[in-house]
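A.B. asks: sequence and predicted model, in that order:
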Amino acid sequence: MARRPILGLFRDANAAADAGDALKGAGISENDYDFLTDSPYPEGAFGEREEKHRIYVFPFIGALLGLTSGILLTSMTQFAYPLVTGGKPILSLPPMAVVTYEGTMLGAILFTVLGIMFESRLPKPKLGLYDTRITEGFIGVLVNAEEDQHNQVQELMTQAGAVEVKREN
Amino acid sequence: MAEHSNGRSPAGMWVFPQADQITAQVMERTTRRCKPHTIALVVAALLAALGVVGFLFRVAADGLDNYNAWGYYMAAFSFVFMVTSGAPLATAAFRFTKSHWRRPLSRVAELFAVVGVLNLLLFIPMVIVLPAIENPTFVPGMEGEMAARRAIWLGSSGVPFGAPALWDILGLVALAVTSMAILWLSLMPDLAQSRDRVSGFRRTIYGLLAGSWHGTKRQWIQHKAGMMLLGGFYFMMVVFVHFLIVSDFAMSLIPGWKDSILPPLYTLIAFQNALGLLLVILFILRKWGGYQEYIGISLFWSASKILLGLTLLWTYHLFAFFITFWYGRLEVEESILRYLMFESYAPVFWANVIFSFFVPFFILLWNPVRKTAWGPALAGLSALVGGFLFSIRIFVGSFNAVDFKEFPGELYSLGLTRARIQDAVIPDLWDIFMVVGIIGAAALVYLAAAKLFPVMSIWEVKEGAMYQRMGKLFRGEYMILAKPE
């Protein structure tokens, strides 16, 4: 049996949180349902699982790559044209600092953008189950469940106060 | 919609838009035909066209090999760059500090990211006209001239690869990419909510940019973390790029000008100008744009204190700039003070001080004035005029400190001497065309972006509506704010 999405729409955030509790109580894994909202609700507002993300890793890697490129570029250029001025060392740090800082920042920024896209799974070719009333303040509870569980899920959400439960056509 | 005030505050101090109507209302205002907006677009387009004419005539008359002729272009670019690069930072900074009053300001500021792309195009001619760091006519043993003019790039082994042009451009690219990424991230939830309410090309663009945004918990958390990271990077980058621009295009063009206060002075006036312009735009949106229910007086009240702080900080740095040179009394320091402050550019300098300090300071000094929409907006407008004059003084001054056509070697001399102080350069017709054209082009791009995308951050205003309401405490009615973090 295939897993398919089913969406419950709630006018009230408390009712949506109750639906989450009921789904958890019925043995549906917390990873299999999600809350869709039109604005960022405080973390834990629906009693949902704590979301973890690794987005901070991306700028760190980008910054390291940028820093390495900056140091290599500037030091190799200075070694390639070894002009000794006033008995000073060939490697001159102040002008290197500007280039390496810029390289580090560029790497961090580009990798952050990539990280956001990757971690948010954007872009996705298919939109999936949605209802435009969510944009008017309704809360959506999106459940990914086996098809034979759909009737039970629908009943749980209706009991919790869903104004409508939608299934994929 | 509801507007609230208590006995101590003016009407409209706090506003509480109704969350379930925000998307529809903002999109209706974004998509409706608005005659003043159209007129402003046409005027801005005409000004931009004048700018193109001025640019072409300037190229035909002076070419790109004598930077003296491009002082006013650089001043106008700098003014637009200062304002538009500082604006996205306002969003990032107030999000960092979790200032709830910022919500109507966020998108107005983020939309300036689009002008950041224009800045890149405008900057290209400046990179071309910037004279070489190495003295092309230097002969070892030559008296009075150096092998290279003093610039931040100069190391013991010459300048790094591509410096300064490549690194200046890359700095602007990094700024543009970061601010566009912040704008895109911030727009994503709004465009996803609005794509079913619009049609035609807007629908296509909204659909493309919104991707598969559904507003899941995971997406909101990534969204928040991403905005915070990019906001931090933007701050680290914008200060750095200001430093590059003012060092390469001002300080390094006046022989012997060594000053650690100019870069922060430049950054501070950029932030002051950016906040000033945001307050002017918010005033217009509140008064004539139909957003009175979204933009409360509390925003102007809160932002005005920051504007006052920036005004004072700028003045302190200006004084520090002056006093260091005044006490130093080297010939080059005296010459720079005479040239940029007290002789050649004295009228521009005093006008700069009046508009950047005295006018905003004496407006924002008064709390009752800060508790209005017009007061902070007027102070912001004055700061903008001051910023424009500052750009003229610094960049037209720097671009004309030596007569490069007649005496190119002077650019590589040890320092500006009293005998070599030039007169102020009065703009000719092509200069005026280029200045109004650059400002017009920036306005055109911003107005077009404001027509295409909502100027209110829908998701942020909705979030604010969730956390704020009026409530009773003892015998008074006050604004009650939930702070979940």
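C.D. replies: Thanks, I have the structure now.

A.B. asks: quick check, pLDDT for the closest residue to residue B:297 other than its chain neighbours.
C.D. replies: Distances taken as C-beta to C-beta, 6 or more residues apart in numbering or on different chains place residue B:13 nearest to residue B:297, at 4.7 Å, with adjacent residues excluded. No exception for glycine: its C-beta is placed from N, CA and C like everyone else's. Reported pLDDT at residue B:13 in the predicted model: 86.

A.B. asks: beyond the longest helix seen in chain A, next helix or strand please.
C.D. replies: Of all segments of type helix in chain A, defined using DSSP state H, the longest is helix A:93-119. Elements were assigned by DSSP states H and E; along the chain past helix A:93-119, the next helix or strand is strand A:139-146.

A.B. asks: picking that back up, doesn't residue B:295 make contact with the residue nearest to residue B:297?
C.D. replies: No. Assessed by C-beta atoms under 8 Å, residue B:13 is found out of contact with residue B:295, at 11.4 Å.

A.B. asks: which one's more surrounded, the two?
C.D. replies: It is residue B:295, of residue B:13 and residue B:295, that has more neighbours when counted by other C-beta atoms under 10 Å in any protein chain shown, with 26 against 19.

A.B. asks: tell me the contacts of that one?
C.D. replies: Each residue near residue B:295 by C-beta atoms under 8 Å, 6 or more residues apart in numbering or on different chains is listed here: B:15, B:104, B:282, B:285, B:286, B:373.

A.B. asks: which residue, other than its chain neighbours, is closest to the fourth one?
C.D. replies: In space, and not counting its chain neighbours, residue B:285 is closest to residue B:291: 4.5 Å by C-beta to C-beta, 6+ apart.

A.B. asks: could you measure from the one you found over to residue B:461?
C.D. replies: 10 Å (C-beta to C-beta, to the nearest Å).

A.B. asks: quick revisit: give the residues shared as contacts by residue B:13 and residue B:295.
C.D. replies: With contacts taken as C-beta under 8 Å, 6+ apart, residue B:13 and residue B:295 have no neighbour in common.

A.B. asks: show me the shaky parts of chain B.
C.D. replies: In the prediction, chain B carries residues with pLDDT under 70 at positions B:1-8, B:155-158.

A.B. asks: ranges for the strands of it?
C.D. replies: Counting by DSSP state E, chain B forms strands over residues B:2-4, B:14-16, B:468-473, B:476-481, given from the N-terminal end onward.

A.B. asks: would a markdown table of these with distance to residue B:202 and mean neighbour count be doable?
C.D. replies: Converted to a markdown table, these look like this (distance: least, C-beta to C-beta, whole Å; neighbours: other C-beta atoms under 10 Å in any protein chain shown):
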| stretch | distance to residue B:202 | mean neighbour count |
| --- | --- | --- |
| strand B:2-4 | 30 | 15 |
| strand B:14-16 | 27 | 21 |
| strand B:468-473 | 30 | 13 |
| strand B:476-481 | 34 | 14 |
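
A.B. asks: which of these sits closest to residue B:381?
C.D. replies: strand B:14-16 (23.2 Å; C-beta to C-beta).

A.B. asks: can you give me how far that closest one is from the chain middle?
C.D. replies: For strand B:14-16, the distance from its own C-alpha centre to the chain's C-alpha centre is 28 Å (C-alpha atoms, centre = their mean, to the nearest Å).

A.B. asks: stretch B:167-176 now?
C.D. replies: Once both centres are worked out by C-alpha atoms, centre = their mean, stretch B:167-176 turns out to sit 15 Å from its chain's centre.

A.B. asks: quick one: buried residues of it?
C.D. replies: By neighbour count, with 16 or more other C-beta atoms under 10 Å in any protein chain shown as the criterion, the buried positions of stretch B:167-176 are B:167, B:168, B:169, B:170, B:171, B:172, B:173, B:174, B:175, B:176.

A.B. asks: likewise for stretch B:197-210?
C.D. replies: Of the residues in stretch B:197-210, those buried by neighbour count under the rule 16+ other C-beta under 10 Å are B:197, B:198, B:202, B:206, B:209, B:210.

A.B. asks: same list as before, those residues that is, but in JSON lines and with distance to residue A:157 included.
C.D. replies: Output for these, formatted as JSON lines (distance: C-beta to C-beta, whole Å):
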{"residue": "B:197", "distance to residue A:157": "27"}
{"residue": "B:198", "distance to residue A:157": "31"}
{"residue": "B:202", "distance to residue A:157": "34"}
{"residue": "B:206", "distance to residue A:157": "30"}
{"residue": "B:209", "distance to residue A:157": "32"}
{"residue": "B:210", "distance to residue A:157": "26"}
